[in-house]
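*Asks:* Would you be able to build a 3D model of this:
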Amino acid sequence: MSIINNLINTSSLKKILKGGGISVVGKLIAVLLTFTFNVLVARIYSAEQLGELATLISALDFCSLIIIFGTDTLTLKLLPIFNKKEEINNYFEKINSSVISISLIIITIFIALNIYYDFASRSILIFILISVILYPFHNLLKFILRALHKELKFFIAQISNQSLLVLSLCFIYFFGFKLDIIIVYILALAFSFLLNVFINIKTFHFRAKKLKIKEYKELYAESFPFFLTASTGIIISKSDILILNLFTTQEQIGYYHISIKLGFILTIFFTSINKFIGPVFSKLYHANQIEELLNSAKKTTFIIFLLSLPPALLLLFFGENILMLFFGKEFSNSYVPMVIIIISQIVNVFFGSVGVLLDMSGNQKFVFKATLISAIANVVLNFILMPFYGILGAAIATLFSVVLNNLMFTFACKNIFGESIYFKPNLFKKWN
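*Replies:* I've put the predicted structure just below:
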């Protein structure tokens, strides 16, 4: 008990763990729903159709990145500053107009490409085009609810889509009613969007207005730095699925998709606490409380690493049995890539929230440059390794980029603060 008290003996760390704890609960429910959804898809459909869905989601993530163009993170920055309802509504009208305008451009490009390449039937294409508008709006709404501190509504928005997907697939599974998985996914997205519009009709101003070129320029000038930062993250996390389409089958992509989903389970604590750690780090840094800042960062790393280790060991030693039990014997093909993904995420939690620490201490430019280098390395390695090793090559590229990114962050942290915050087992004796 004394060890725990020593670990959380600072008010800043207690704030991090309190906020992160609430987020962990939501994240655990979301992960459970995602896991159930993927199990049902694997059982009802096939690895090939799971691969097609993974490709669609990755493509939608890239489309959403372009359509939102950094206005999601800009929203987190600006909404707390606005004092009047009129200011908030005017801002909502601007970003709504922007999202609709860029969505229409993307839709036009999709239609033109489909005419030339004929990659989707007319019925499937219609559903895909609907999702191009709904997907970014759904993502943007979650950022708005976070910015307005609407925790319950944010939680509903976070799990509504996955909940509807699981319910839809349970209905299909028990009643034997078959529908293309892409159509199921987009219908669930549409109902989830309508549900959240109904719940947030008084919170979010859903109108749009015609913007002048000057207003677009002003908006994008503010959001562009956030767009660049988000781009590097999406490239590292989503480009492998799209590039795999050039070198392997949808079935193999389905196996890789499952290896990623299971491999990233152990980052639940890491990503949840990172959502709340930034403001605490920023406050300590600007108050010149550097010692407490580093102490909180090191203790957070220590706690997150210990919490992440049990699920990592479980998946490393029993992962193949888990894959075959829940997804089917053919998904044993996901095991080796999953092991590599797990190692990459162990590296992430081992080095701790060093990227957030650098971001909150005025080193955003370095963080962006380092992440950009890692993203480029990831894409280059994908093209080099995938033709020979397929999904195994994709996993290796991910591992390399994660290690590279964390090493650059850690060296920078050492140079700036004189010490690093990665996991150190000897700290256990110090806090005992």
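
*Asks:* any idea how far Gln49 is from Asn38?
*Replies:* For Asn38, the distance to Gln49 (CB to CB, to the nearest Å) stands at 12 Å. Yep, even glycine has a C-beta here, placed from its N, CA and C like the rest.

*Asks:* quick one: which of the two has more around it?
*Replies:* Asn38 (23 against 18; other CB atoms under 10 Å).

*Asks:* Look through the protein and tell me its longest helix.
*Replies:* helix 290-326 (DSSP state H).

*Asks:* after that one comes which helix or strand?
*Replies:* As assigned by DSSP states H and E, the chain's next helix or strand after helix 290-326 is helix 335-351.

*Asks:* Mind listing residues that contact that next one?
*Replies:* With CB atoms under 8 Å, 6 or more residues apart in numbering as the contact definition, helix 335-351 has outside contacts at 255-256, 258-260, 262-264, 266-267, 269-270, 301, 304-305, 308, 312, 315-316, 319-320, 323, 391-392, 394-396, 398-399, 402-403, 406, 409-410, 421-423.

*Asks:* Go through those residues and flag which are in helices.
*Replies:* Residues of those located in helices (DSSP H): 255-256, 258-260, 262-263, 269-270, 301, 304-305, 308, 312, 315-316, 319-320, 323, 391-392, 394-396, 398-399, 402-403, 406, 409-410.

*Asks:* Select only the buried ones of these in ChimeraX?
*Replies:* For the buried members of these, the matching ChimeraX selection, counting by 16 or more other CB atoms under 10 Å, is:
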select :255,256,258,259,260,262,263,269,270,301,304,305,308,312,315,316,319,320,323,391,392,394,395,396,398,399,402,403,406,409,410
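
*Asks:* Look up the closest residue to Ile88, ignoring the ones flanking it.
*Replies:* Phe82 (5.0 Å; CB to CB, 6 or more residues apart in numbering).

*Asks:* Then Leu246?
*Replies:* Met386 (7.5 Å).

*Asks:* ok, so what distance separates the nearest residue to Gly390 once chain neighbours are set aside from Ala394?
*Replies:* Closest residue in space to Gly390, ignoring its immediate chain neighbours: Thr248 at 4.7 Å, by CB to CB, 6+ apart. To Ala394, Thr248 is 9 Å away according to CB to CB.

*Asks:* Between those two, which contacts overlap?
*Replies:* Met386.

*Asks:* tell me the pLDDT at Ser103?
*Replies:* The model reports Ser103 with a pLDDT of 89.

*Asks:* so where do the strands sit in this structure?
*Replies:* Assigned by DSSP state E, the chain shows no strands.

*Asks:* for it, which spans come out with low pLDDT?
*Replies:* Flagging of the chain using pLDDT under 70 yields the residue ranges 1-24, 80, 116-123, 204-206, 275-276, 427-432.

*Asks:* Outline the domain layout of it.
*Replies:* Domain segmentation of the chain under automatic domain parsing yields 1-43+248-432, 45-238.

*Asks:* picking up where we left off before, residues in contact with the residue nearest to Gly390?
*Replies:* So Thr248 contacts 386, 390-391 (CB under 8 Å, 6+ apart).

*Asks:* And for the residue nearest to Ile268 when sequence neighbours are not counted, the neighbour number?
*Replies:* The shortest distance from Ile268 to any non-neighbouring residue, by CB to CB, 6+ apart, is to Lys27 (5.1 Å). Using other CB under 10 Å, Lys27 is surrounded by 20 other residues.

*Asks:* Settle this for me: Tyr91 is touching Phe82, isn't it.
*Replies:* Yes: if you go by CB atoms under 8 Å, Tyr91 and Phe82 touch, sitting 6.8 Å apart.

*Asks:* didn't Leu294 look like it was pressed against Ile421?
*Replies:* Yes: with contacts counted by CB under 8 Å, Leu294 reaches Ile421, the gap being 6.5 Å.

*Asks:* Settle it for me: which of these two has more neighbours?
*Replies:* Ile421 (25 against 19).

*Asks:* any idea how far the spatially closest residue to that one that is not a sequence neighbour lies from Phe417?
*Replies:* Distance criterion CB to CB, 6+ apart; nearest residue to Ile421, sequence neighbours excluded, is Ala297 at 4.2 Å. Per CB to CB, Ala297 is found 9 Å from Phe417.

*Asks:* Am I right that the residue nearest to Ile268 is in contact with Asn274?
*Replies:* No: between Lys27 and Asn274 there is no contact under CB under 8 Å: 10.9 Å.

*Asks:* who are the neighbours in contact with the closest residue to Val379 other than its chain neighbours?
*Replies:* Of all residues not flanking Val379 in the chain, Ser239 sits nearest, at 5.7 Å (CB to CB, 6+ apart). With contacts defined as CB under 8 Å, 6+ apart, Ser239 is in contact with 58, 375, 378-379, 382.

*Asks:* Just give the nearest non-adjacent residue to Phe143, would you?
*Replies:* Per CB to CB, 6+ apart, closest to Phe143 is Asp72, 4.0 Å.

*Asks:* The one you found - how many residues pack around it?
*Replies:* Asp72: 24 neighbours (other CB under 10 Å).

*Asks:* Also Leu152?
*Replies:* Neighbours around Leu152, by other CB under 10 Å: 9.

*Asks:* Same question for Val347.
*Replies:* Neighbour number of Val347 under other CB under 10 Å is 16.
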